[in-house]
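>>> give me a model of this one.
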Amino acid sequence: MPSIFSRIVSGELPAYKVAEDDQHLAFLDITPLVEGHTLVIPKKEVDYIFDLPPAELAALHQFAQRVAKGVKAAVACKRIGVAVIGLEVPHAHIHLIPMKQVSDMNFANPKIKVADARMQELAAAIAAQVPGGAEGVAASATALTSKASRETTEANDAPATSDATLQQLQQLTQGLVYMSESDAPLKAVSYPAPAGAATDAALATLAGVPADTPVEKQELTYFLRNHTADNGVLGNPELANRFKALQMYLKQELNKVQVYRFGSGPQVPVLVLGEAEGGKLAGFKTVLTET
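Okay, here's the model as predicted:
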């Protein structure tokens with residue numbers, strides 16, 4: 001299963017790109033510590049950065065140096081901090097973080113939410129300051145547009161939907177099952193924006209259970225913890241990476257993501273929902289078996 005960064009490289013997932021060449025890509029982190037927080041990756045998928053051959057590791061840092069100069073020129077800061085963590089996504093990457101103070105580099109800080117228009121503005125400003133950045137990104141956009149056109153032509157017989165979030169969730173959940181005492185498929189869902197607050201009764205109705213069914217809330221990372229472990233609940237790293245990609249998409253692309261469990265065993269319906277564009281509720285549903 002390709003990493004989420006490989007899917008950005010291929011054009012399967014969108015990104016706010018700031019620079020690109022044949023071997024490398026730089027794009028804005030969509031859950032940044034500060035505005036302008038940029039990720040630099042090799043296009044070749046390698047999990048551990050120090051597993052890169054020496055020449056490729058040097059080339060990655062040289063590319064990062066060019067990008068860092070562009071970030072510093074475009075974003076008000078004293079310096080560009082550099083970090084390699086390597087635990088979040090199994091694809092080597094370098095964090096470039098505009099710093100005004102040392103604490104700006106603290107990954108324990110709450111991540112900020114930056115509006116799409118501002119992210120586009122930042123990406124364009126940085127790309128304009130990276131030597132060759134704007135040209136590389138433009139060339140990539142042209143190539144991806146052509147690729148998208150071909151895929152659209154080839155998929156004329158596929159079901160049509162105007163809900164891009166639902167389409168992405170359908171791809172991410174396809175073939176995934178949640179393991180409890182039994183296993184149940186994950187099904188992507190999307191609901192119209194509620195007229196008011198999403199009450200427990202309204203959520204129960206979406207889950208297909210009586211409105212007075214007790215609702216228990218859980219945090220997404222906790223709910224998926226066994227499935228996103230290194231080898232996952234089935235001892236399959238590929239499936240674990242797919243669950244990690246799903247979790248990352250939900251946390252980065254949706255607001256206020258929450259897990260809702262309805263009632264008690266043996267069959268417990270579950271909705272995982274967050275706020276999508278236009279106030280829609282989107283995520284996935286499944287069923288737990290608890291005896």
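
>>> specify the local secondary structure of A58.
For A58, the assignment made with DSSP: H, G, I helix; E, B strand; the rest coil gives helix.

>>> can you check A73 too?
Following three-state DSSP, A73 is assigned to helix.

>>> domain parsing of this structure, as residue ranges.
Following automatic domain parsing, one finds the domains of the chain at 4-154, 164-289.

>>> which parts of the helix or strand hosting A128 count as buried, going by neighbours?
Assessed by DSSP states H and E, A128 sits inside helix 116-129. Neighbour-count burial for helix 116-129 flags M119, L122, A123, A125, I126, A127, Q129 (criterion: 16 or more other C-beta atoms under 10 Å). In short, each C-beta sits where N, CA and C put it, glycine included.

>>> next: stretch 204-214.
Going by 16+ other C-beta under 10 Å, stretch 204-214 has these buried residues: A204, L206, A207, V209, T213.

>>> which two in those residues are spaced the farthest apart?
L206 and T213 (11.4 Å; C-beta to C-beta).

>>> next SSE downstream of the lowest-mean-pLDDT helix or strand in the chain?
None of the helices or strands of the chain scores lower by mean pLDDT, DSSP states H and E than helix 133-154, at a mean of 47. Downstream of helix 133-154, the next assigned helix or strand under DSSP H and E is helix 164-173.

>>> who touches that next one?
Helix 164-173 has contacts (C-beta atoms under 8 Å, 6 or more residues apart in numbering) with 12-13, 161, 185-190, 242, 245-246, 249, 253-254, 276-277, 280, 282-284.

>>> if we go to 6 Å?
Here helix 164-173 makes contact (C-beta atoms under 6 Å, 6 or more residues apart in numbering) with T161, L186, A188, S190, L246, Y249, A276, A282, F284.

>>> from those, which land in helices?
The helices, defined by DSSP state H, take in L246, Y249 from the contacts of helix 164-173.

>>> selecting buried members of the contacts of helix 164-173 in PyMOL, what would you type?
Here is the PyMOL command that selects the buried residues among the contacts of helix 164-173 (16+ other C-beta under 10 Å):
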select buried, resi 186+188+190+246+249+276+282+284
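
>>> any idea how far P32 lies from Q171?
25 Å (C-beta to C-beta, to the nearest Å).

>>> also P110?
Remark: distance between P110 and Q171 (C-beta to C-beta) = 29 Å.

>>> neighbour count winner among the two?
Taking other C-beta atoms under 10 Å, P110 and Q171 do not tie; Q171 has more neighbours (15 against 7).

>>> confidence score at the more buried one?
As predicted, Q171 sits at a pLDDT of 86.

>>> got the CA coordinates for stretch 200-216 in CSV?
Presented in CSV, the C-alpha positions along stretch 200-216 are these (Å, rounded to 0.1, in the frame of the first residue of the first chain):
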residue,chain,number,x,y,z
ASP,A,200,-27.2,12.4,20.3
ALA,A,201,-30.7,11.7,19.1
ALA,A,202,-29.9,13.0,15.6
LEU,A,203,-26.7,11.0,15.4
ALA,A,204,-28.5,7.9,16.6
THR,A,205,-31.0,8.3,13.7
LEU,A,206,-28.0,8.5,11.3
ALA,A,207,-26.7,5.3,12.8
GLY,A,208,-30.1,3.6,12.3
VAL,A,209,-30.8,3.0,16.0
PRO,A,210,-33.6,4.4,18.2
ALA,A,211,-33.2,8.1,19.1
ASP,A,212,-32.9,7.3,22.8
THR,A,213,-30.0,4.9,22.4
PRO,A,214,-27.1,5.8,24.7
VAL,A,215,-24.1,7.4,22.9
GLU,A,216,-20.5,7.0,24.0
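
>>> identify all contacting residues around it.
Residues outside stretch 200-216 that contact it (C-beta under 6 Å, 6+ apart): Y191, Y260, R261, F262, G263, P269, L271.

>>> of those residues, closest to E45?
Within those, distances to E45 taken as C-beta to C-beta reach their minimum at L271, with 32.7 Å.

>>> check what pLDDT that closest one gets.
Checking the pLDDT column for L271, the value is 96.

>>> wait, isn't it in contact with R261?
No - assessed by C-beta atoms under 6 Å, L271 is found out of contact with R261, at 8.5 Å.

>>> tell me which of the two has more neighbours.
The neighbour comparison of L271 against R261 (other C-beta under 10 Å) goes to L271, with 22 against 19.
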